[in-house]
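Novice: Okay, sequence plus prediction incoming.
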Amino acid sequence: MPDKFTYVADDGFILVDGEAVDGVSIPEVDPEINAIQWENGSGEVEYRDDRPNVPLTSLNDYQIILDKHAEQLAIEEAERNTPEFKAHQIRMIRNGMLLETDWTQLADSPVDASTYTTYRQQLRDITNQENFPDEVVYPEKP
């Protein structure tokens with residue numbers, strides 16, 4: 001049983017002990033439930049209509065939500081371990097490093113542009129490294 005749990009039906013948002021997933025469809029849950037909150041052994045169910053919130057002393061009736069959360073986390077973890085995802089993350093870091101040095105290529109830049117040109121080309125060549133994306137060596141910034 002989690003210490004903290006939040007479910008927001010419209011977003012398919014599930015937060016369990018600080019780990020969030022969203023976009024999860026759970027048709028098995030009562031469509032009149034808007035949200036479920038749980039913290040430290042108690043909680044409540046919020047409905048879409050005028051019904052008052054219903055107190056919870058157990059999450060047993062909502063185990064399907066916890067199961068879907070675990071399934072989605074496993075899917076996301078598997079996706080993070082794909083070469084495509086790793087490559088995308090490395091390219092984003094690399095692009096940020098390139099942006100940080102764009103100013104060095106301006107005509108009135110106070111630094112040696114050729115040194116930064118070499119560095120910037122090394123950044124672009126990261127994707128050509130032998131073990132990319134599993135192992136990447138970033139060049140040293142001048």
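Specialist: The structure has been received and is ready for your questions.

Novice: any idea which element the residue lying farthest from the centre of the chain lies in?
Specialist: In terms of distance from the mean C-alpha position of the chain, residue 108 ranks first, at 39.9 Å (C-alpha atoms, centre = their mean). Following DSSP states H and E, one finds residue 108 outside all helices and strands.

Novice: Any figure for the gap between it and residue 65?
Specialist: 59 Å (C-beta to C-beta, to the nearest Å). To be clear about C-beta, it is placed using only N, CA and C from the backbone, and glycine gets the same treatment.

Novice: From residue 23, how far out is residue 12?
Specialist: Taking C-beta to C-beta, one finds residue 12 at 5 Å from residue 23.

Novice: who has more neighbours, those two?
Specialist: Taking other C-beta atoms under 10 Å, residue 12 and residue 23 do not tie; residue 12 has more neighbours (15 against 9).

Novice: Model confidence score at the more buried one, please.
Specialist: Predicted confidence (pLDDT) for residue 12: 94.

Novice: what's near enough to touch it?
Specialist: Contacts for residue 12 (C-beta atoms under 8 Å, 6 or more residues apart in numbering) come out as 22-26.

Novice: Taking these, tell me the two that lie furthest apart.
Specialist: Largest separation among those by C-beta to C-beta: 22 and 26, giving 12.0 Å.
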